[in-house]
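What follows is a predicted structure for the sequence shown.
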Amino acid sequence: MASSTIVQRFSFIVFSFFIFSACTRIGTTELGLGLLPPIDAFNTKDTVLEVETETVERPDSLRIYGSDDHLVGTLTNDPLFGATNANMFFQLKPTYFPYYIKGSIDSVVIDSAFLILSYRGFYGDSTKPVKLNLRKISASTPLSTDSTWASNYPNAYNIQSDDVVADPFTLDFTKVHDSVINRFEAAKDQIRIPINKKYITKFFKEFDSTNAYKTDTTLRQYFPGFALSTDANTNNNVLVRISLLDTNTKLALYYSTNSTAGTATPGQRDTVVDYFKYTIYDNGDVNFVTRKRTGSELANHLGKANDSLVYMQTSPGTMIKVKIPGLKNFANKVVHRAELIAEQVPSTNPSPFEAQMYPPNYLFLGAYDSASGRIRNIPNDYQGTVNTTAFGIFGGRLTYKSIQGYDKVASYNFSISRYVQGVISRKDSIFDMRIIAPVNDSVKYVPPYPNNITAGSDYLTSSLGNQPALGRVRLGGGKHSKFKMRLHIYYSDL
């Protein structure tokens, strides 16, 4: 009996050895071996196809809409990506026209006036205060609710530098979260810019229901809107995020008149507040974001074919061209999973500033349709944003890894298994690819095979993708020694 038991144990050990030896042919997929077919797991093999990569400026026409976070500020010293400058132009209006200050004009006693902005955070270095400049937009280029300008269009509106609406305002990031509690509101995360005496007089005394406040059109003529900027010559290195649509954003006019005399104490007047606010359909706004590459690391890599480093910056920014030459001669197999893997190349000695320059939340991998000149979906794999399950499986969301001696490496994975299967089995078209960090993007959408007859559009809004201009990451290209971008294929022979 003892001898039989020993033989059985020996046989089990030998059998186990061969099983686990066979398993060594399988690489470590990013999503785990459990996603491979269980009945075929021991016959599954893997291989890595090299990719060719190149960074180019993205010729996009990003629109930043009223529902998006807006940006104001400068990044003057980003050694990887260069400089960024962001200015805001917007209107705030009364809730009705003709608008009027309550009571007789002679009885108006001005308390104060503030431009109040909803603070949503920052991108960059918040250790130093930043100065905000508030001026009037030039009347020669009024804002319009009928059209929106591309965010990277540089000179659509002019800041009327001699028409200062408020003295330079110092934004202290350590205090911006403080609560504001008074008889009119209880709020926090507000930027409260005091309006100067000249414009307080205009808003209260000179503008009335017979001229500026008569209609929407006349208000545009007298006051086209606000221009908010920072001093680009100051080394602020931060972009401030502001929401126009949030209820925190408003022009607040505090005053009393003979119409606000209390009844409890006859003749005693009480301060009231009137608000001018922003609405998407009635107010014009534009947010210009311009990039400059001079002196940056990126400048040395733009347009460099088959590069070892590639640079991804949220729109308006860059995109990455990707080619997979090895697919052309890849033999017909059963493809279990094919994933394009892109990994960050971390800085060796990152500065505190680098930690604040976080990567994009989402990257989109598309195919370049040379016939239309548009980016389209990867055939058969990307099935649009409406199909939330398929959207999640396709990939592109930011994740972090601990690899190559680094604890937190940004990574993006894209599942293109059906596309690869179609290429090697049906000889479907091979596309060059593009990686973008989308913001309010529209891409050409073709349904999966066999319904790939008609095309439509799919929309990647900021709620699905990224907020404008926020996020950048240096990725390993196809030639990088440690963080190589690659196509990892798990397959079985036919």
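Here it is on my side, so go on.

what's the weakest-modelled helix or strand in this protein?
Scoring the helices and strands of the chain by mean pLDDT, DSSP states H and E places helix 2-23 at the bottom, with a mean of 40.

Quick check: end-to-end length of stretch 315-324?
Taking CA to CA, to the nearest Å, stretch 315-324 runs 25 Å from one end to the other.

err, stretch 322-336, not the other one
End to end - CA to CA - stretch 322-336 spans 22 Å.

centre of the chain versus it, how much separation?
Stretch 322-336 sits 33 Å away from the centroid of its parent chain (CA atoms, centre = their mean, to the nearest Å).

same question, stretch 74-84
17 Å.

What residues of it count as buried?
Of the residues in stretch 74-84, 74, 75, 76, 78, 80, 81, 82, 83, 84 count as buried by neighbour count, 16 or more other CB atoms under 10 Å. For every residue, glycine as well, the C-beta is placed using N, CA and C.

all helices of the stretch 301-450 of the chain, in order?
352-356, 388-394, 417-425 (DSSP state H, counting those that start in this stretch).

okay, residue 62: pLDDT?
For residue 62, the pLDDT comes out at 80.

again with the one 10 residues further on
On the pLDDT scale, residue 72 is placed at 96.

what's across from it in the sheet?
residue 240 (DSSP bridges).

Kindly provide the distance from the closest residue to residue 444 other than its chain neighbours to residue 53.
Spatial nearest neighbour of residue 444, chain neighbours left out: residue 376 (3.8 Å); criterion: CB to CB, 6 or more residues apart in numbering. Applying CB to CB, to the nearest Å, the value for residue 376 to residue 53 is 20 Å.

Between those two, which has more neighbouring residues?
Between residue 376 and residue 53, counted using other CB atoms under 10 Å, the more crowded position is residue 53 (27 against 21).

Show me the strands in the stretch 1-150 of the chain, by range?
45-50, 52-57, 70-75, 83-90, 109-124, 130-137 (DSSP state E, counting those that start in this stretch).

Would you mind telling me which of the ones you listed is nearest residue 304?
Closest to residue 304 of the strands of the stretch 1-150 of the chain, according to CB to CB: strand 52-57, at 6.4 Å.

ok, now which ones touch residue 342?
If a contact means CB atoms under 8 Å, 6 or more residues apart in numbering, then residue 342 has 363, 411, 412, 413, 414, 435, 475, 476, 485 as its contacts.

In strands, which of those residues appear?
Members of the contacts of residue 342 lying in strands (criterion: DSSP state E): 411, 412, 413, 414, 435, 475, 476.

In the residues you listed, find the pair that's most separated.
414 and 476 (15.0 Å).

and the contacts of residue 342 as TSV, adding pLDDT?
Putting the contacts of residue 342 into TSV (pLDDT from 0 to 100) gives the following:
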residue	pLDDT
363	98
411	98
412	98
413	98
414	98
435	98
475	98
476	98
485	98
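
so which two of those are the farthest from each other?
414 and 476 (15.0 Å).

Grab the nearest non-local neighbour of residue 465.
residue 438 (4.2 Å).

Please tell me how far that neighbour sits from residue 267.
Counting by CB to CB, the separation of residue 438 from residue 267 is 61 Å.

Those two - which one has more neighbours?
residue 438 (26 against 7).

For residue 278, give me its contacts.
66, 90, 91, 92, 93, 244, 245, 249, 250, 285.

which secondary structure element contains residue 220?
For residue 220, the host element (DSSP states H and E) is helix 216-222.

Check the offset of that helix from the chain's centre.
33 Å.

domain parsing for the protein?
Following automatic domain parsing, one gets these domains for the chain: 27-59+294-492, 83-292.

Take those and write them to TSV, including distance to residue 70.
Converted to TSV, the domains of the chain look like this (distance: least, CB to CB, whole Å):
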stretch	distance to residue 70
domain 27-59+294-492	8
domain 83-292	5
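
Least confident of those domains, on average?
domain 83-292 (a mean of 88).

before we move on, the earlier item: just the buried residues of stretch 74-84 now: which is nearest residue 163?
residue 74 (21.7 Å).

where's the closest one relative to residue 132, distance?
From residue 74 across to residue 132, the span is 11 Å (CB to CB).

Residues that sit against both of these two, list them.
Counting by CB under 8 Å, 6+ apart, the contacts common to residue 74 and residue 132 are residue 230.

Okay, and the beta partners of residue 87?
residue 288.

Please report the number of neighbouring residues for it.
Count around residue 87 with other CB under 10 Å applied: 23.

Next: residue 330.
Applying other CB under 10 Å, I find that residue 330 has 18 neighbouring residues.

Run through the strands of the stretch 201-350 of the chain in chain order.
226-230, 238-243, 250-256, 272-276, 285-292, 309-313, 318-323, 334-343.

Please identify the deepest-packed of the helices of the stretch 301-450 of the chain.
With neighbours defined as mean count of other CB atoms under 10 Å, those peak in mean count at helix 417-425, which reaches a mean of 22.

now it against strand 334-343, angle please.
Interaxial angle of helix 417-425 relative to strand 334-343 (axes from the mean of the first three to the mean of the last three CA atoms, to 10 degrees): 120 degrees.

For helix 417-425, which outside residues touch it?
By CB under 8 Å, 6+ apart, helix 417-425 touches 327, 330-339, 378-381, 428-430, 448-449, 487, 489.

now these: which count as buried?
Of those, these count as buried by 16+ other CB under 10 Å: 327, 330, 333-339, 378-381, 428, 430, 448, 487, 489.

if I look at the closest residue to residue 335 other than its chain neighbours, how far off is residue 342?
Of all residues not flanking residue 335 in the chain, residue 421 sits nearest, at 4.4 Å (CB to CB, 6+ apart). Distance, residue 421 to residue 342, by CB to CB: 21 Å.

cool, residue 56 as well?
16 Å.

how close does residue 81 get to residue 188?
Taken as CB to CB, the span from residue 81 to residue 188 is 32 Å.

My guess is residue 313 contacts residue 474. True?
No: Residue 313 is beyond contact range of residue 474, at 9.8 Å (criterion: CB atoms under 8 Å).

between the two, who's got more neighbours?
In this view residue 313 and residue 474 are compared by other CB under 10 Å, and residue 313 has more residues nearby, 28 against 23.

residues contacting the spatially closest residue to that one that is not a sequence neighbour?
Ranked by CB to CB, 6+ apart and with sequence neighbours excluded, the top spatial neighbour of residue 313 is residue 472, at 4.2 Å. Contact analysis of residue 472 by CB under 8 Å, 6+ apart lists 78, 80, 81, 311, 312, 313, 314, 317, 357, 359, 360.

between these, which is closest to residue 196?
The nearest member of the contacts of residue 472 to residue 196, counting by CB to CB, is residue 78 at 33.4 Å.

hang on, that closest one packs against residue 351?
No: when contacts are counted by CB under 8 Å, residue 78 is not listed as touching residue 351 (10.7 Å).

Wait, residue 196 touches residue 166, no?
Yes: between residue 196 and residue 166 there is a contact under CB under 8 Å: 5.5 Å.

In terms of neighbours, single out the busier of the two.
residue 166 (20 against 14).

Quick check: the more buried one is in a helix.
No: looking at residue 166 with DSSP: H, G, I helix; E, B strand; the rest coil, it is strand, so not inside a helix.

so it bridges to which residues?
residue 134.

So it versus residue 191, what's the distance?
Applying CB to CB to residue 166 and residue 191 gives a distance of 11 Å.
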